[in-house]
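1. Return atomic coordinates for the entry below.
(chains A, B and C)
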Amino acid sequence: MAEQLLELHPDRFLGTTPESTAIAREIYAATRELPIISPHGHTDAAWFADNRPFSNATELLLVPDHYVLRMLYSQGFDLSSLGVESLTGDEIAAPRAAWRLFAANYHLFLGTPCRIWLDHVFHEVFGLDIVLNEDSADHYYAHIEGALQMAEYLPRAILDRFAVERIATTEGALDPLLSHQRLHREGLGERILSTFRPDDVVDPDRIDFAANVAALGELTGEDTQTWAGYLQALRSRREFFKSLGVRASDHGHPSAATADLDVATCERLLRRCLSGEATSEERELFRAQMLTEMASMSLDDGLVMQLHPGSVRNHNSYLHRTFGPDKGADIPCAIDFVNGLRPLLDRVGNDPRLTLILFTLDESTYARELAPLAGHYPCLKLGPPWWFHDSPEGMLRFRQQTTETAGFYNTVGFNDDTRALLSIPARHDLARRMDARFLADWVAQHRLTLEQASGIAIDLAYGLAKRAYGFDRGRI
Amino acid sequence: MAEQLLELHPDRFLGTTPESTAIAREIYAATRELPIISPHGHTDAAWFADNRPFSNATELLLVPDHYVLRMLYSQGFDLSSLGVESLTGDEIAAPRAAWRLFAANYHLFLGTPCRIWLDHVFHEVFGLDIVLNEDSADHYYAHIEGALQMAEYLPRAILDRFAVERIATTEGALDPLLSHQRLHREGLGERILSTFRPDDVVDPDRIDFAANVAALGELTGEDTQTWAGYLQALRSRREFFKSLGVRASDHGHPSAATADLDVATCERLLRRCLSGEATSEERELFRAQMLTEMASMSLDDGLVMQLHPGSVRNHNSYLHRTFGPDKGADIPCAIDFVNGLRPLLDRVGNDPRLTLILFTLDESTYARELAPLAGHYPCLKLGPPWWFHDSPEGMLRFRQQTTETAGFYNTVGFNDDTRALLSIPARHDLARRMDARFLADWVAQHRLTLEQASGIAIDLAYGLAKRAYGFDRGRI
Amino acid sequence: MAEQLLELHPDRFLGTTPESTAIAREIYAATRELPIISPHGHTDAAWFADNRPFSNATELLLVPDHYVLRMLYSQGFDLSSLGVESLTGDEIAAPRAAWRLFAANYHLFLGTPCRIWLDHVFHEVFGLDIVLNEDSADHYYAHIEGALQMAEYLPRAILDRFAVERIATTEGALDPLLSHQRLHREGLGERILSTFRPDDVVDPDRIDFAANVAALGELTGEDTQTWAGYLQALRSRREFFKSLGVRASDHGHPSAATADLDVATCERLLRRCLSGEATSEERELFRAQMLTEMASMSLDDGLVMQLHPGSVRNHNSYLHRTFGPDKGADIPCAIDFVNGLRPLLDRVGNDPRLTLILFTLDESTYARELAPLAGHYPCLKLGPPWWFHDSPEGMLRFRQQTTETAGFYNTVGFNDDTRALLSIPARHDLARRMDARFLADWVAQHRLTLEQASGIAIDLAYGLAKRAYGFDRGRI
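-> I've put the predicted structure just below:
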């Protein structure tokens, strides 16, 4: 295979014609150097607390990235051959062999955001200038392994180099936040913060639900077998997270169902869920009620609420049994926000103290449900295109389908939502380019002035995220 | 805040490149001066009958416009502060203060069709040439107040100035059409006509349903407590509307469900709905049956039928209790036309005497359901993009997703569907520009000739609406 | 009506701007002369076996084309006036009169893929150079009638002229494949092959289901009244089809539901379906189970499985009663692949021996369900945009909404899926143009290099279909 140069064109993604690209270039110039606000993601706080070098290309870029794994798996490559450990203890490929397999199949990623992000990482972060393929695999592996031992590739140095002003990790309700406590003591707690994600103690479909709720009781000294004690324990954990600078909670639910039941019903539901007797409908109702409870607690403690619904987790039973969760087998499904959110909105939807940021994997809800909801309810804001839709075409669709009803100011800027630390600047850069392109089209058709577009672009890249998550204010 | 010039670029919305814009400009030139046919809207017939001056900017442009209210409410502004009277008698802002608040937040509307329409009204109707903002608020208010006292701003003068050839208002089945009767006597009845909207007497979810059906009986001398008498009363009201030149009926239903039940079942359903005993399912079934009945009556009396389904009205309970309906809290939901319409279509769908115009708020139905249905059934036609989708991007999506299956000739041209009289030319102009742009793209890719595109554009802007609603024929 | 020249611009569909059109032209140049692989369609094997001349324009191009019939019917033309025989024996228009009616209304097809294909057939296949309309109708009719008598318009000559490398017809499970047997004996069996479509013996909603299953028993010597015998009979028919070179099965189901039931339940379901006692839910469950059974059989015999779900067949009861099926009255409906396919995927979804190609009429599933599924499961591939969506805008939407998650290599190239033999090159040409245009946009925005794009285009036009259906291998 001939050696191909890896080049990132300075105008990439900005447009398809000279005229609109020229406008987009001007808009992008206003945002490209802005600091990064990463208010929602999945990096590991221990990386920053420990600040130790990453190991190698495979363990850094391949094994933990479910986007990459899913594509290779879809083309018939077994996860073991990619270096992913199975729960059944099968033999796995060595890191270098796994990397070679990935490299030899890198063409499969043509057209995917994965390749965009990875090429950015390779070129901008590691300074590689030939395309990854079978022939360049070993060169890549050695080059990356070498680089990772250098001080400038340590996790904290990466944050500086990328101009990350804020980055939020995500931890479960039972997490002791040890790394965050260390970061806090070292004065990094404002910059690197957690997010309160209580799915482990509010989702009765988890097999460890009852154990987690018991542990929640231990941790807080509350009787979590009662409804009042359970709620009090959750309040207590929210306070603990808040004491470490946390600004937001996050909720991953199969649907957008919410409920507003009387206390006796809640008490009974909790009991049935804890005992394992609850039906599937009751478990769904319990989760629905808990979203409303979380929203109510937000009124008091000011945590911004994020809802990520509509993913059928672990759709592939075999893969889940053999390799566990988060291996690229989560599949979106259709979702109903309009009826689902109504009980929550009836209870707290008009209270200006609440901010509830909605994400979706069902794009048919953008124009039909989400933009009309966010364009009306004071508490609702739209999160950026999520997961599969965090892509160039996906970002265009989001703006095209939400802006005319919700405007720009009912959205909250960009989230990278990633565990792939090195891809964070790639992702933010892509979002800034796509927003510049979207806005440039509107300037070209005389729908916005260039000045208006540039101002909006700055808000989309920086200001909106800062304000939505309260980073423009002091401690909440 | 610096004074910004308000300019409407002559090529606005026509394209993003010089080549396609040049083509669109030629197509648009063929339609821009055509008269306006407004076959479906919500202006007030009394305006035209009385022909009195409008009061001030706030009462004309802000308070009655639920598009504007919803955006401001979504950003935390209370409706009282915008001059909207509550049912609970709370104090409200004076018109000038409300206008200032609106002006100071006019940037929220960047990118929304509201701002497009309003800027058009400001610039083209009132001759204002600086952008509305905090600083120009008072200038705007005074300028508009002054203009509204001039003869050329009287409602009938507005119709002349805008070259409105036909305009339809919408009235309930019990409405005595007093204004329309006056307009009729003055020879304006052909130009300004009503639309028969019987939701008040066919929707058992309305709290005044039984009272309305009783009033329907009074008005017509029929026994509306029986199925036969109820239908006869409806026929009678349709005849009354028709006697004043009405061409169409309109139906706002939560879903597209239709039914074709036997008479005994209908009789029982009516009784249960009138007594208030009907379940939610029975009330839905009653509405479903009534759509089919209305279609059947259209076979006899020739009224064109319009169906506007799929909006969850008054989604925000608090706002509905406090401020009443139509304050921007209606939210679209997913809809099923394919199964929903089947009973009606089975009964009358192949009868060439029927025209049933379908609207949707669920764009996922454009290509999947509506275009295939309209591209097959003789009675079905597609209404233009409705409400939230009456926007530049929304209009592009409509054409992109319906044309290839339904063609252009199963659509009915543009409806402004508005109560905002002054925005009518803005809306028709925008639709003409967007159709020119859509067609220009197809000319640019050699899919249509310029001549074909211009001919189609004229039909979309004028001919199709005229024919679909029968304005090309004499009295029906 | 003035005579209009019929011209096919060499750059048609390639782009809307000079820059992107220039790129698309280069990409298209790499694919335009490639042979045609037509792995799924509905031509008649007897045409090729008999190799007799087609009759006339009406019987060749109008009467059998449900796309054309549906549009004309939607505008109020009775099918009898178009030369379509009714089941009730009504008088029908003579071929020439029907053709005139079609010609006079050819403007209705502006903007539809029908017109694109037909103009291509008229110009490229028949050498006509004026537009079809009322005035040119007779000229067209005579010209086409004359041409069809020429040797170069015989079915086999058409295949040569169009460079058709492979073409698959579709036959029911009971079909004796007599034409295919003749083709086989004449050495044309590799080039013209069948597809195994067992809907006639697996869909209990068909009124001839029980009779068909009995005939299946006769044909195979198996006791198809028992579950084991029924499955064995299906295996036997698959083997028979395979013996004639068949590579694939095809399944037209109302939904994407699959099931994985125990044998006793299957036995009972079969019995109830055969006896006509099965409820609607049981019939759906039977079909669901049969999809999983077909997938299991594919593991053994290697037939590629194609699923075409989500069409409500014969939506228009009157038309179905009067004219029978396939007259343009099939309407798509919403579909759930994510939950529907799960039982099948749980059983065989990770087996690399299976290829299951998914089609949809519900475009909202492209990004939400299909791309994530195909981008994960080894067995799943995405078929091209189907039926109503096999159109320029439809093809763009398919690529825009699937590529970023599924990549290019989880798709299978183009299917013409048509019974309109003469339109086959038109359809493949359009697909190649649209893919060139899609790829050119990505090249223009520096997302792909021209070299990458051209390589992908060749795969999309030729390589992927060849590989997905196993034509790159010998007999399976």
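2. Pull out the buried residues from the host helix or strand of A:D160.
-> Element membership of A:D160 [criterion: DSSP states H and E] is helix A:155-161. Using 16 or more other C-beta atoms under 10 Å in any protein chain shown as the test for burial, helix A:155-161 gives A:P155, A:R156, A:I158, A:L159. Yep, even glycine has a C-beta here, placed from its N, CA and C like the rest.
3. Near chain C, which residues of the stretch 1-150 of chain A are found?
-> Residues of the stretch 1-150 of chain A lying near chain C by C-beta under 8 Å from any C-beta of the partner chain: A:9, A:11-18, A:70-71, A:73-76, A:107-113, A:116.
4. Using neighbour counts, trim the residues you listed to the buried set.
-> A:11-17, A:70-71, A:73-74, A:107-113, A:116.
5. Cross these against helices and list the overlap.
-> Within these, membership in helices is found for A:R70, A:M71, A:Y73, A:S74, A:P113, A:I116, as judged by DSSP state H.
6. Would you mark the buried spots in whichever strand or helix holds A:S179?
-> Using DSSP H and E, A:S179 maps to helix A:178-185. Across helix A:178-185, burial judged by 16+ other C-beta under 10 Å covers A:S179, A:H180, A:R182, A:L183, A:H184.
7. same deal with stretch A:277-289?
-> Across stretch A:277-289, burial judged by 16+ other C-beta under 10 Å covers A:A278, A:R283, A:E284, A:L285, A:F286, A:R287, A:A288, A:Q289.
8. can I get those residues in TSV with distance to chain B, secondary structure and pLDDT?
-> TSV is the format used below for those (distance: C-beta to the nearest C-beta, whole Å; DSSP: H, G, I helix; E, B strand; the rest coil; pLDDT from 0 to 100):
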residue	distance to chain B	secondary structure	pLDDT
A:A278	26	coil	97
A:R283	24	helix	98
A:E284	19	helix	98
A:L285	19	helix	98
A:F286	23	helix	98
A:R287	21	helix	98
A:A288	17	helix	98
A:Q289	18	helix	98
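9. tell me which of those residues is nearest to C:P53?
-> Using C-beta to C-beta, A:E284 comes nearest to C:P53 of the buried residues of stretch A:277-289, at 63.9 Å.
10. so who does the closest one touch?
-> By C-beta atoms under 8 Å, 6 or more residues apart in numbering or on different chains, the contact list for A:E284 reads A:P254, A:S255, A:A257.
11. wait, A:I456 sits on B:L110?
-> Yes. If you go by C-beta atoms under 8 Å, A:I456 and B:L110 touch, sitting 6.6 Å apart.
12. Below-threshold pLDDT in chain A: ranges please.
-> Where chain A drops to pLDDT under 70, the residues are A:1-2, A:475-476.
13. coming back round to it: ok, so of the contacts of A:E284, who is nearest A:D429?
-> Distances from A:D429 to those, taken by C-beta to C-beta, are shortest for A:P254, at 32.5 Å.
14. Validate this expectation: the closest one resides in a helix.
-> No. Using DSSP: H, G, I helix; E, B strand; the rest coil, the assignment for A:P254 is coil, not a helix.
15. For it, give me its contacts.
-> Here A:P254 is in contact with A:D205, A:E284, A:R287, A:P309, A:G310, A:S311, A:V312, A:R313, A:C333 (C-beta under 8 Å, 6+ apart).
16. List the contacts of whichever residue of the stretch 151-300 of chain A sits closest to chain B.
-> When distances are taken as C-beta to the nearest C-beta, the stretch 151-300 of chain A reaches nearest to chain B at A:D260, 11.2 Å away. By C-beta under 8 Å, 6+ apart, the residues touching A:D260 are A:Q289, A:T292, A:P343, A:L344, A:D346, A:R347.
17. Could you do A:R70 as well?
-> Taking C-beta under 8 Å, 6+ apart as the test, what A:R70 contacts is A:K327, A:G328, A:A329, C:G375, C:H376.
18. would you list the residues you listed in a markdown table and tack on distance to B:P384, neighbour count and secondary structure?
-> Output for the contacts of A:R70, formatted as a markdown table (distance: C-beta to C-beta, whole Å; neighbours: other C-beta atoms under 10 Å in any protein chain shown; DSSP: H, G, I helix; E, B strand; the rest coil):
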| residue | distance to B:P384 | neighbour count | secondary structure |
| --- | --- | --- | --- |
| A:K327 | 46 | 21 | coil |
| A:G328 | 42 | 23 | coil |
| A:A329 | 42 | 25 | coil |
| C:G375 | 36 | 28 | coil |
| C:H376 | 40 | 27 | coil |
